[in-house]
Every structure is written in structure tokens, then in C-alpha cells.
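Q: I would like the atomic coordinates for the input below:
(one chain, ligands or ions: 1)
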Amino acid sequence: MTSSTTGTGVALPVVKAEHLGLTFSTNDGDVVALSDVNLTIEKGDFVSFIGPSGCGKTTFLRTIADLEQPTSGTLEINGQTPENARKDRAYGYVFQAPALYPWRTIEKNIALPLEIMGHSAQQQAERIKRTMDLVNLSGFEKKFPWQLSGGMQQRASIARALAFDADLLLMDEPFGALDEIVRDHLNSELLKLWDRTKKTICFVTHSIPEAVYLSTKIVVMSPRPGRVTDIIESNLPRERPLDIRETPEFLAIAARVRDGLRAGHSYEEVV
Ligand SMILES: Nc1ncnc2c1ncn2[C@@H]1O[C@H](COP(=O)(O)OP(=O)(O)OP(=O)(O)O)[C@@H](O)[C@H]1O
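A: The predicted structure is shown next:
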């Protein structure tokens with residue numbers, strides 16, 4: 001893996017966007033998905049992106065993952081271009097829907113990218129065991145996706161993304177389709193996993209409580225064109241029981257996120 005420190009040993013930001021813009025050319029004209037986005041994400045940050053539909057959250061994640069190409073500005077991942085970071089397997093990606101192959105067992109789903117990367121059977125088995133443990137799915141290796149609940153399937157997708165052993169995890173509304181109780185549970189598991197693995201996480205959400213509960217940094221975005229309207233640093237402790245959501249400190253951060261969304265004239269659209 002390419003070094004992510006400068007020559008002087010100073011850690012490089014994991015993500016650095018400067019004046020980043022992305023305009024899609026469509027038959028109906030140009031769509032400005034991202035405009036003048038400036039953002040630095042440091043190693044170990046848990047960054048949530050919140051904003052109404054169409055403000056460019058997914059596009060930003062996809063640009064980090066080299067699935068979309070910026071049309072202006074610069075974007076570096078560990079000091080590299082997105083293309084080189086992708087080749088370096090710098091990130092794991094978790095999609096909104098679990099996207100597991102129904103004809104493969106959970107362990108075979110996790111193994112697939114490892115097979116493609118040429119890992120030996122023993123390496124695959126080790127990684128499958130480690131990541132299944134991390135997401136509390138041990139014992140379900142031989143099950144098929146359709147034999148698991150929605151929350152368990154999403155945990156399996158997280159295990160698959162973790163199996164790359166990348167330091168950066170990109171998560172696009174991974175719990176959006178789950179009911180609130182399952183979501184609470186997975187949020188608290190994800191925080192523990194983040195704490196144990198020291199990964200950097202970029203997390204897209206529509207939920208203010210979810211963003212505040214999870215993040216060290218909350219990026220508030222606004223649409224037409226997609227831009228960053230506020231970046232809120234959270235001073236909540238790293239260890240967060242679920243009832244932290246009732247504390248004045250938590251509510252104060254949530255109020256600031258809400259204000260940021262209102263300032264972008266978009267609050268009414270956020271659920
Ligand atoms: N491939 C594409 N071609 C043209 N326009 C696109 C494309 N992908 C996204 N867009 C447009 O770019 C804008 C940003 O879309 P994006 O999916 O990033 O928003 P989002 O904030 O993630 O929305 P949501 O919360 O609904 O997922 C939208 O106006 C969308 O219609």
C-alpha cells in the first residue's frame with residue numbers, strides 16, 4: 001500500500017477536496033451536482049454528510065471512489081489521485097441496499113472481492129472470520145442472504161467492505177431502509193467497530209440524530225448546486241451510549257445541524 005505520510009512523517013489527510021466541482025452533461029442540459037466543495041478529512045474521523053435529496057452526497061462519495069470524475073478543482077485520497085487510490089484499494093464501499101449475491105452464501109459473498117484480488121484460500125478464510133466477528137455475524141457463514149434479516153444483510157455488506165482491510169470506509173445511507181430499532185442497534189455497533197478498527201468513515205445520511213450520534217464531523221450540504229454550507233465538529237466523547245441523544249450537548253449539536261440545513265433553505269425536505 002502506498003504510504004499516507006509526507007516525507008517528513010506528517011500524516012496526510014485521508015480526503016482533501018479543494019474547489020471540487022462536478023457537472024453532469026445530460027440531454028436536458030447541465031446538472032451541477034457539486035460546486036466549490038472544500039473539505040479535509042483526517043485519519044480516524046467519522047464524517048457524516050447530511051442534506052436533502054439531490055445535494056450531491058452520493059456524488060461526492062462516488063467521486064472519492066473514482067466512480068465519477070470531477071470537472072473542476074482537485075481531490076486527493078491519501079495524497080493520491082482517486083484513480084491511484086482505487087488501484088491501491090484505499091477504501092471499502094457500503095451501498096444503501098446490501099447488494100449481496102443471492103446465490104452465494106455470506107462467506108462466499110465476502111470472499112468474492114478477495115478471490116478477484118488473488119488472495120489465497122487461507123487468507124480468505126482468515127479475513128472472513130475476522131470481519132464476520134467484527135460485525136457480530138459469526139455462525140452465519142453458510143447462510144444465504146435471503147435467510148438473514150435486512151439488518152444482518154447490511155452487516156454482511158459491511159463485513160465485505162471491511163475484508164479489503166482498507167483504512168477508509170465509504171457508507172452511502174447503509175441503514176436508511178431499516179426500522180428504527182435495528183438502526184439504533186447498528187449505529188451503536190458501527191461506533192464500536194470504528195473505535196476498535198480506527199478506520200476513517202464517510203457516512204451519508206438523511207437523519208440528524210444519526211449524524212450527530214455517529215460523527216466527529218458533520219458536513220451539511222445544500223442543493224442546486226450541491227455545496228457544503230457548514231462543517232460542524234462534534235465534541236461528544238468517543239464512547240457514546242444511545243441515551244447520549246438526550247443530553248444538552250447532543251441536542252445543541254443537533255440544533256446547529258438543523259440551523260445549517262435551514263440556512264441552505266432545505267430543511268423542509270429532510271426527514
Ligand atoms: N449520472 C448522473 N447523470 C446526471 N445527473 C446526475 C447523475 N448522478 C446524479 N445526478 C444529479 O446530481 C445531483 C446530485 O445527486 P446525488 O445522487 O449525489 O444526490 P444525493 O444528495 O445523494 O441525493 P439522495 O439523498 O436522494 O441520494 C442530482 O440533481 C442528481 O439528479
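
Q: interface residues of this structure facing the ligand?
A: 24, 26, 31, 33, 51, 53-59, 226 (Cβ under 6 Å from any ligand atom). Every C-beta, even on glycine, is put in place using the N, C-alpha and C of the backbone.

Q: try it again with 5 Å
A: Phe24, Thr26, Val31, Ala33, Ser53, Gly54, Cys55, Gly56, Lys57, Thr58, Thr59 (Cβ under 5 Å from any ligand atom).

Q: and the first one, how far is that from Gly151?
A: This points to Phe24. Phe24 sits 33 Å away from Gly151, going by Cβ to Cβ, to the nearest Å.

Q: now which of the residues of the chain next to the ligand would you call buried?
A: Val31, Ala33, Gly54, Cys55, Gly56, Lys57, Thr58, Thr59 (16 or more other Cβ atoms under 10 Å).

Q: who's in contact with the residue in the stretch 151-271 of the chain that the ligand sits nearest to?
A: In the stretch 151-271 of the chain, no residue comes nearer to the ligand than Gly226, which is 5.5 Å away by Cβ to the nearest ligand atom. By Cβ atoms under 8 Å, 6 or more residues apart in numbering, Gly226 lies in contact with Val32, Ala33, Leu34, Ser35, Val37, Gly51, Gly54, Cys55, Gly56, Lys57, Thr59, Phe60.

Q: and the gap between the fourth one and Gly21?
A: Going back to what we said before, that points to Ser35. Distance of Ser35 to Gly21, given as Cβ to Cβ: 5 Å.

Q: do the last one as well
A: Spatial separation of Phe60 from Gly21 under the definition Cβ to Cβ is 11 Å.

Q: what of the fifth one?
A: In this structure, Val37 and Gly21 are 7 Å apart, going by Cβ to Cβ.

Q: between those two, what contacts are shared?
A: Counting by Cβ under 8 Å, 6+ apart, the shared contacts of Val37 and Gly21 are Gly73.

Q: those two: which is more packed in?
A: More crowded of Val37 and Gly21, by other Cβ atoms under 10 Å: Val37, with 24 against 18.

Q: pretty sure that one is touching Gly73, no?
A: Yes. Counting by Cβ atoms under 8 Å, Gly73 is a contact partner of Val37 at 7.3 Å.

Q: so where's this protein uncertain?
A: Scanning the chain for pLDDT under 70 picks out the ranges 1-10, 265-271.

Q: grab the longest helix from it for me.
A: helix 180-197 (DSSP state H).

Q: what is it packed up against?
A: For helix 180-197, the packing partners by 3 or more Cβ pairs under 8 Å, 6 or more residues apart in numbering; DSSP states H and E come out as helix 121-134, helix 150-162, helix 208-214.

Q: so Arg256 sits against Ile232, correct?
A: Yes. Here Arg256 reaches Ile232: they are 5.5 Å apart, a contact under Cβ under 8 Å.

Q: more neighbours, those two?
A: Ile232 (21 against 17).

Q: ok, and that one, which helix or strand is that part of?
A: In the assignment (DSSP states H and E), Ile232 maps to strand 227-233.

Q: that strand: partners in the sheet, and parallel or antiparallel?
A: strand 217-222 (antiparallel) (DSSP bridges).

Q: mind listing residues that contact the strand it pairs with?
A: Contacts for strand 217-222 (Cβ under 8 Å, 6+ apart): 39, 41, 45-52, 55-57, 60, 211-212, 227-234, 253, 257, 260-261, 263-266.

Q: can you turn the buried part of the residues you listed into a PyMOL selection?
A: Applying 16+ other Cβ under 10 Å to the contacts of strand 217-222, the buried members can be selected in PyMOL as follows:
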select buried, resi 39+41+45+46+47+48+49+50+51+52+55+56+57+60+211+212+227+228+229+230+232+234+253+257+260+261+264+266
